[in-house]
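In: Sharing a model prediction with you, sequence too.
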Amino acid sequence: MADWWSNGRKNWWKIAAVVGGLILVLVLGTFAYAYATLPDPSKLDLAAGTVIVKDRHGTLIEERNAQGARVNPVTLSNINPLLQKATVAVEDKHFYQHHGIDWGRVIKAGIVDTLARRPEQGASTITEQLAKIAVLQSPKKSILIKLREAMVATSLESRYNKSQILEMYLNTIFYGHHATGIEAASQVFFGKHASELTLGEASLLAGLPNAPSYYDPLLHRDRAKARQAVVLDAMVNEQMISQAQADEAKAAPLNFVFKENRSSQAPHFVDFVFEQLENLYGPSVVNKGGFVVTTTLDLTLQKAAEHAVAVGQQRLGSLGADNGDFIAIDPKSGEILAMVGSADFFNNDIKGQFNVVTGLRQPGSSFKPYAYEQAFRSHKLTMGNLLDDTSRHFANGQFHDFDNRDMGIITAHKALLLSRNIPALETMQTAGVDNVTQFAHAMGITTPLKNEVTTAIGSSEVRMLDHAVGYGVFATGGTRHDPVSILEIKDTQGNTLDKPNPPQAKQVISAQEAYLITYILKDYSSAWNLGWNKPFAGKSGTTNDFRDAWMMAYSPNLVIGAWVGHTGPGDQNMHGVFGTMVGSSVLRDFINNGLSQANFKVESFQRPSGLVDGPPCQNNANVSPSTSASPSTSPSSGRNVGSEKEIYLPGTECAAVATPTPSPSPTLTPLPSLSVVPSIVPSGLTPSASPSASASGSTAPAPSASTAPIP
């Protein structure tokens, strides 16, 4: 036994020695290959390369190149010393002590990344960043690339002094808005030379290269100012400036000019793509260029979307709608097919460069499907159950509906289709506020939601892009696909550099659960007389005082959404623009004309198996009374139930009542035709011209005036 144990130990040592030798050979071989394939650091290429962005069919969207991207590289003596210090403080505080690699930062970053189990801290020095930008010129990320980067950085330090390296870096780094190099950035952002920058201006510019799109002061002023504060604090910590100087610079006004020229067929989308590229490969490597990006965009649909937004502006502009957006995605893959971020990218009066598709706005009643779906899937409510559309008190105050009228007892089906607010609040309570907000996040909403009942009617801000993902879950029969914008990246010789893996699909709800909402919303266009000639389900949303008007729609193979609002001069809102009016102008043009011109075939909805047909409920005995806030089971003089067919998840259906007496109330199918102009619709069924869904007449705090949705 002892001999066996001794022989076994010897064998294990031999195996370990062989494995160790192979690892050593592999490591040495990697070093040798990295060294043998190093480019010549003396041949620095500081010219900004080309980035070509194409649509999914290979049509050019935009080309970014050196022409106009950088203005006159300057010597270090022509760059304000404050900018030099700010850059060193925030990017590489040991720049003047190390020899290309800051081993202390490397070790710290390794420990932090190991504990976090993901990349949390960068360890690249200014010299390594210069090596990556000017010598290696590759957007790839790998151990071999990092090794070569370190080798080139060491070589650069042996060839050039620190002043030369800093000068090359400041003339090469990307600051955003097509500005490569600090002189170009100074001209583009502030209309002055780099030598003339103030401490406030220098500290703001020094913070931008870390993420030019994310910290863009034109679009994200708060982020840019927060980053500026980080830079100034770093300068104080390194004793480059005093605390008083930092405080003064933080408070000093910044006078931006934003001088740039641009030619693009989809500028908001290209900016969105560049933000994704910067997250993947780093902003300076992306700006360095030398590659071709094939995106998910379909320029034919993009042009149709732009035309639809223009139609909306033409028809609703007289009512104060000076801005609008549009999104189209393939719900089966999450691929973005069209993105119009504003009515006019180059119109600063409406803040046209801000992408409203990715910005935060209140969705109004377009949020309601999440509340109803959660109630349906948890068996706390069915579309045939009864809800009480009567003004009453909820957690935030006394509420009445948008038309100041009560419809009495109606089915959940009719309540959602007619976009009644009081039943939506009741449904939110029945389903549970926490349950609905958690479910909305599972559907694709990525932003925080208020833990309040009014979230059901759109009081919490969301991104339209997220909202489109959420509606895509209904479209696909329960599967969520997060947004995708990049299909492939190639170098200028046609070699594939990367094919980003799309986010993994997630099954959020069952096909049967998803179809419950589709069954109701597929009639929205006809119910509200929107005039769509293709089979889309839809839901509108309008916030109080007409600040935001939304229209979301979906088919099994396309999700679209549009918004209009007022973002121009003056703190004012629109005058009588409902979400349904967006549906009858913007979406109607896109659906009826744009899709036909693009030869886009819209798929029809197919009912999944496993659902049960049944009549609407005569009471709410099929749901738990302990969890339902539904009305009394006794007859009501305001009863408006109807006798149409409903569909149910198995086991939740209502029993048929053998009663020959016909109901005198109007039935849900077919509905009376509802106009998108509320004042000309039959009384009692639609909103009046004066929206008022906010709480009133209550001792409890009322929601803000902008939280109340209207169809």
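Out: Looks like it came in fine.
In: all strands for the stretch 151-300 of the chain, in order.
Out: 174-176, 179-180, 291-295 (DSSP state E, counting those that start in this stretch).
In: Now do the last one: distance to the chain's middle.
Out: It refers to strand 291-295. On the basis of C-alpha atoms, centre = their mean, to the nearest Å, strand 291-295 is displaced by 21 Å from the centre of the chain it belongs to.
In: Given it, what are its sheet partners and their directions?
Out: In the sheet, strand 291-295 lines up against strand 51-54 (parallel), strand 486-491 (antiparallel) (DSSP bridges).
In: Can you list the low-confidence ranges for the protein?
Out: 1-49, 65-72, 102-123, 134-148, 260-261, 284, 396, 624-643, 656-710 (pLDDT under 70).
In: which residues does the closest residue to Gly359 other than its chain neighbours contact?
Out: Spatial nearest neighbour of Gly359, chain neighbours left out: Arg463 (6.8 Å); criterion: C-beta to C-beta, 6 or more residues apart in numbering. Glycine gets a C-beta too; all of them are placed from N, C-alpha and C. For Arg463, the contacting residues are Val357, Thr358, Gly359, Leu360, Ile445, Thr446, Thr447, by C-beta atoms under 8 Å, 6 or more residues apart in numbering.
In: same question, Val74
Out: Asn171, Gly181, Ile182, Glu183, His193, Ala194, Ser195.
In: now these: which count as buried?
Out: For these, a neighbour count by 16 or more other C-beta atoms under 10 Å gives the buried set as Asn171, Gly181, Ile182, Glu183, His193, Ala194.
In: is it true that the fifth one touches Ile182?
Out: No. Under the criterion of C-beta atoms under 8 Å, His193 makes no contact with Ile182, lying 9.7 Å away.
In: need the contact list for Ser485.
Out: Phe269, Phe272, Val273, Gln276, Thr295, Thr296, Leu297, Glu335, Ile336 are the contacts of Ser485 under C-beta under 8 Å, 6+ apart.
In: Now do the second one: how many residues are near it, please.
Out: By the measure other C-beta atoms under 10 Å, the count of residues near Phe272 is 23.
In: shouldn't it be in contact with Gly359?
Out: No. Between Phe272 and Gly359 there is no contact under C-beta under 8 Å: 11.7 Å.
In: what do the two both touch?
Out: In contact with both Phe272 and Gly359: no residue, using C-beta under 8 Å, 6+ apart.
In: quick one: contacts for Gly610?
Out: By C-beta under 8 Å, 6+ apart, the neighbours of Gly610 are Ala511, Gln512, Pro650.
In: secondary structure class for it?
Out: At Gly610 the chain is in coil, as set by DSSP: H, G, I helix; E, B strand; the rest coil.
In: still on that earlier bit, so for Val433, which of the strands paired with strand 291-295 sits nearest?
Out: strand 486-491 (37.0 Å; C-beta to C-beta).
In: contact partners of the closest one?
Out: 56, 139, 273, 276-277, 290-296, 335, 496-500.
In: Name the residues of it that are buried.
Out: Buried-residue list, strand 486-491, by 16+ other C-beta under 10 Å: Ile486, Leu487, Ile489, Lys490.
In: Ok, stretch 51-65 next?
Out: Val51, Ile52, Val53, Lys54, Asp55, Arg56, Ile61, Glu62, Glu63, Arg64.
In: what does stretch 528-547 give?
Out: Result for stretch 528-547 [16+ other C-beta under 10 Å]: buried residues 528-532, 534, 536-547.
In: ok, the contacts of Gly610 vs Thr382, which is closest?
Out: Nearest member of these to Thr382, counting by C-beta to C-beta, is Pro650, at 11.4 Å.
In: got a list of what the closest one touches?
Out: Counting by C-beta under 8 Å, 6+ apart, Pro650 has contacts Gly610, Leu611, Val612.
In: 6 Å instead, please
Out: Applying C-beta atoms under 6 Å, 6 or more residues apart in numbering to Pro650 gives the contacts Val612.
In: For it, give its distance to Gly614.
Out: Computed as C-beta to C-beta, to the nearest Å, the Pro650 to Gly614 distance reads 11 Å.
In: next one: Gly576
Out: For Gly576 relative to Gly614 (C-beta to C-beta), the value is 40 Å.
In: With Thr479 instead?
Out: From Thr479 to Gly614 the distance is 27 Å (C-beta to C-beta).
In: now do Glu167
Out: Taking C-beta to C-beta, one finds Glu167 at 77 Å from Gly614.
In: Please apply the same query to Gly334.
Out: Gly334 is 35 Å from Gly614, by C-beta to C-beta.
In: Neighbour count: the two, which is higher?
Out: Set Gly334 next to Gly614 and count neighbours by other C-beta under 10 Å: Gly334 wins out with 22 against 19.
In: Not counting sequence-adjacent ones, nearest residue to the more buried one?
Out: Spatially, and ignoring its direct neighbours in sequence, Gly334 is nearest to His481 (3.4 Å; C-beta to C-beta, 6+ apart).
In: Thank you kindly, that will do.
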